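[1] mind folding the following:
(one chain, ligands or ions: 1)
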Amino acid sequence: MEVISPKMGNYNLANYEETRKFFHWDEVKKVFSWSKTGNINIAYEAIDRHVEEGRGDKQALLYSDAHREETYTFSELKTLTNKAAHMFSKLGVTKGDRVFIFMPRSPELYVALLGAIKVGAVVGPLFEAFMKDAVKSRLEDSAAKMIVTTPDLITRVPVEELPHLETVILVGENIPDGHGYRSYYDEMNIASDRDEIIQWVDLEDGYVLHYTSGSTGKPKGVYHVHHAMIQQYQTANWVLDLKEDDIYWCTADPGWVTGTSYGIFGPWLSGVTNVVRGGRFSPDDWYQTLEKNKVTVWYSAPTAFRMLMGADPAILKKYDLSSVRHILSVGEPLNPEVVRWGYEVYQHRIHDTWWMTETGAMLICNYLAEPIKPGSMGKPLPGIEAAIINDHGEELPPYRMGHLAIKPGWPAMMRKIWNNDQKYNEYFAISGWYVSGDTAYKDEDGYFWFQGRNDDVIMTSGERVGPFEIESKLVEHPAVAEAGVIGKPDEIRGQIIKAFISLREGYEYSEELAKDIQAFIKTELSAHAVPREIECRDKLPKTRSGKIMRRVLKAWELNEPAGDLSTMED
Ligand code: PRX
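    This is a model prediction of the structure:
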């Protein structure tokens, strides 16, 4: 068995087995002021606490994009997030209200998000690429009261169709009239920065709502509570290995859970300098970001590593990456060849971590002091009970494939699916385990090996895409009668989205029509939901009840046997 041993000198979680035996989450709670006061607010703990404890002048945020380069200390972020909190409060936000943040990465995004949490709001971060329908369905489902966005994105927020939406805060110049539009900068200018605005809440009160896709139905609102900080902090220590002087860069956008749990809270709860780079991926840009900021700990995703692996090796040679001491990955299977390549070119192991939007924080990981088996996700965090179970909830012995399941009760676990108790309960249908939807096995050393999703969820470029939302949109195109969407294996992106369609009477398939359909999805839903491949068929395989059989489409695509077809219509 191939194993990459840790280098000498890194001792974090050196005694994995011992820690596993004796660790309890209650120990971690003592770190926070909560244990002294009975009060909590994750935003206070992430920012203000460091000011109270004398670290106010420390750099908290190193922000850059193609046009801006700014740094903020913890004191400055404390003042700004207090002001944002006063702004939200003045405009009517109270504890538990849903406030959405829909904008490209920028310092304002982070300030607004933390400010809203300071007044006890539940924040819904939305990726900037979302189009009108995607935005609308999320705001509608959660009955959002307020949204922070930019003048560029405002046409994608259908204010008149959202009766609960009272106020739109616009970050930018030239604020149009009407629709409850408010200028972020004007409001911030006049807002107080005093501390008393902070809402002290219960550990079990909500702070974030991340919409994510399943294989059926609309995206689900995964609801997380302040309690999550206990685990975010502890994993930042054990897994990210964050220490006082680290400069940390998580490449994820806060529209995805990685971008909040580990792009905001993991590092800031630990008081570490956090790098945020706006704009899109390019190998030059990324290596430059590492070099310029002297990043020490870097958390990214397999797709990015594969793209860097595919880039011209001369690019890497231009940059000095000697500051980097620890690299991690999340989101999809990390190919062994990527781990080997990373070890060769960066001279560091890439540490895979496994978790989900629903889990709120890391659960199965590779640790600095432990050997890595390339291709394995690693071992459960101390305090976490993970198992491979069968359909009856029985634990399976090593090397048997089954459901990857977790014993509920970890601090960062989602507390509900917004407006959908049934969906929430479905996760726990097998003997009370949290069933992830992933198939995996465990080896004799307790390492977990990912085998696949056992539903139709597509993982493309590290993003989770539900086929149902795309299919529903495809059939709204005038030419499309039926649609079935699958993930097709792809070397760089993990999977790409492939759509099988049949056409309505009077339409004929052409390249042009395919392009038109792609443009339709891009403008109506979002760029990352666009099927890169479209294949037209006279008829799609369906069950007798009329459900498109994605399993059969997959078999077509991969030239594999389609399995049991007894439920298929003739
Ligand atoms: O299938 C697993 C895959 O991503 C799914 C969760 O997606 P999402 O909620 O978008 O969260 C991604 C980042 C937290 C999982 O059910 N996944 C995540 N990490 C890994 C992974 N698959 C293999 N290896 C991983 N390390």
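[2] show me which residues of the stretch 401-550 of the chain are close to the ligand?
    Among all residues of the stretch 401-550 of the chain, those adjacent to the ligand (criterion: Cβ under 6 Å from any ligand atom) are 436-438, 450, 453, 459, 464. In short, each C-beta sits where N, CA and C put it, glycine included.
[3] now do the strands in the stretch 251-400 of the chain.
    Using DSSP state E, counting those that start in this stretch, the strands of the stretch 251-400 of the chain run over 273-277, 297-300, 326-330, 350-354, 364-365, 379-380, 386-389.
[4] might one say that His436 is in contact with Ile364?
    No His there; residue 436 is Ser. No. The pair Ser436 and Ile364 does not pass the contact test of Cβ atoms under 8 Å, sitting 9.8 Å apart.
[5] please identify the buried residues of the helix or strand hosting Ala85?
    Using DSSP states H and E, Ala85 falls within helix 74-90. In terms of neighbour count (16 or more other Cβ atoms under 10 Å), helix 74-90 has its buried residues at 74-89.
[6] that older thread, neighbour count winner among Ser436 and Ile364?
    Ile364 (25 against 22; other Cβ atoms under 10 Å).
[7] which ones are touching the more buried one?
    The neighbourhood of Ile364, defined by Cβ atoms under 8 Å, 6 or more residues apart in numbering, consists of 353-355, 377-381, 384, 386, 448.
[8] also Ala14?
    Applying Cβ under 8 Å, 6+ apart to Ala14 gives the contacts Ala369.
[9] so it sits in a helix?
    No. Using DSSP: H, G, I helix; E, B strand; the rest coil, the secondary structure at Ala14 is coil, not a helix.
[10] direction included, what does the following helix or strand past the helix holding Ala85 pair up with?
    Later in the chain than helix 74-90, the nearest helix or strand by DSSP H and E is strand 98-102. Take DSSP bridges as the rule and strand 98-102 pairs in its sheet with strand 122-126 (parallel), strand 146-149 (parallel).
[11] what's the average pLDDT for strand 98-102?
    Per-region confidence: strand 98-102 scores 98 on mean pLDDT.
[12] repeat that for stretch 201-212.
    pLDDT averaged over stretch 201-212 gives 96.
[13] swap in stretch 441-459?
    90.
[14] what residues sit buried inside that stretch?
    Applying a neighbour-count criterion of 16+ other Cβ under 10 Å, the buried positions in stretch 441-459 are 441-442, 447-450, 453-454, 456-459.
[15] out of those residues, which comes closest to Asp421?
    For the buried residues of stretch 441-459, the minimum distance to Asp421 (Cβ to Cβ) is 21.0 Å, reached by Val457.
[16] you'd agree that closest one is up against Asp438?
    No. At 9.6 Å, Val457 does not count as touching Asp438 under the criterion of Cβ under 8 Å.
[17] close to the ligand: what parts of the stretch 251-400 of the chain are there?
    Taking Cβ under 6 Å from any ligand atom as the criterion, the neighbours of the ligand within the stretch 251-400 of the chain are 257-258, 330-333, 352-357, 377.
[18] now the residues of the stretch 401-550 of the chain next to the ligand in a markdown table, with secondary structure?
    Conversion of those to a markdown table gives the following (three-state DSSP):
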| residue | secondary structure |
| --- | --- |
| Ser436 | strand |
| Gly437 | strand |
| Asp438 | strand |
| Phe450 | strand |
| Arg453 | strand |
| Met459 | strand |
| Arg464 | strand |
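[19] rebuild these as TSV, extending it with distance to Ile406.
    Listed next are those as TSV, based on distance: Cβ to Cβ, whole Å:
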residue	distance to Ile406
Ser436	7
Gly437	12
Asp438	11
Phe450	14
Arg453	16
Met459	19
Arg464	18
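[20] related to what we said a few turns ago, restrict the buried residues of helix 74-90 to those near the ligand?
    Restricting the buried residues of helix 74-90 to those near the ligand - Cβ under 6 Å from any ligand atom - leaves none.
[21] look up the closest residue to Tyr319, ignoring the ones flanking it.
    In this structure, Tyr319 finds its nearest non-sequential neighbour in Tyr287, 4.1 Å apart by Cβ to Cβ, 6 or more residues apart in numbering.
[22] separation between the one you found and Tyr248?
    Distance, Tyr287 to Tyr248, by Cβ to Cβ, to the nearest Å: 17 Å.
[23] out of those two, which sits in the busier spot?
    Comparing Tyr287 with Tyr248 by other Cβ under 10 Å, the one with more neighbours is Tyr248, at 27 against 19.
[24] please compute how far stretch 418-433 lies from its chain's middle.
    21 Å (Cα atoms, centre = their mean, to the nearest Å).
[25] next to the ligand, which bits of the stretch 101-250 of the chain? Give me the list.
    Proximity of the stretch 101-250 of the chain to the ligand, by Cβ under 6 Å from any ligand atom, involves residues Thr212.
[26] the residue most distant from the middle of this structure, which is it?
    Residue farthest from the centre of the chain, counting by Cα atoms, centre = their mean, is Gly506 at 42.1 Å.
[27] now the strands for the stretch 451-570 of the chain?
    Taking DSSP E, counting those that start in this stretch, the strands of the stretch 451-570 of the chain run over residues 458-460, 463-465, 480-490, 494-503, 533-536.
[28] so which of these comes closest to Glu69?
    For the strands of the stretch 451-570 of the chain, proximity to Glu69 was assessed by Cβ to Cβ; strand 463-465 is nearest, at 27.5 Å.
[29] packing partners of that closest one?
    Packing contacts for strand 463-465, counted by 3 or more Cβ pairs under 8 Å, 6 or more residues apart in numbering; DSSP states H and E, involve strand 458-460.
[30] quick one, domains of this protein?
    Here the domain parsing of the chain from the TED database is 16-441, 456-558.
[31] from the opening residue of the longest one to its closing one, how far?
    Translated: domain 16-441. Criterion Cα to Cα, to the nearest Å; first-to-last residue distance in domain 16-441 is 20 Å.
[32] any idea how far it is from the chain center?
    Going by Cα atoms, centre = their mean, where domain 16-441 is centred and where its chain is centred differ by 6 Å.
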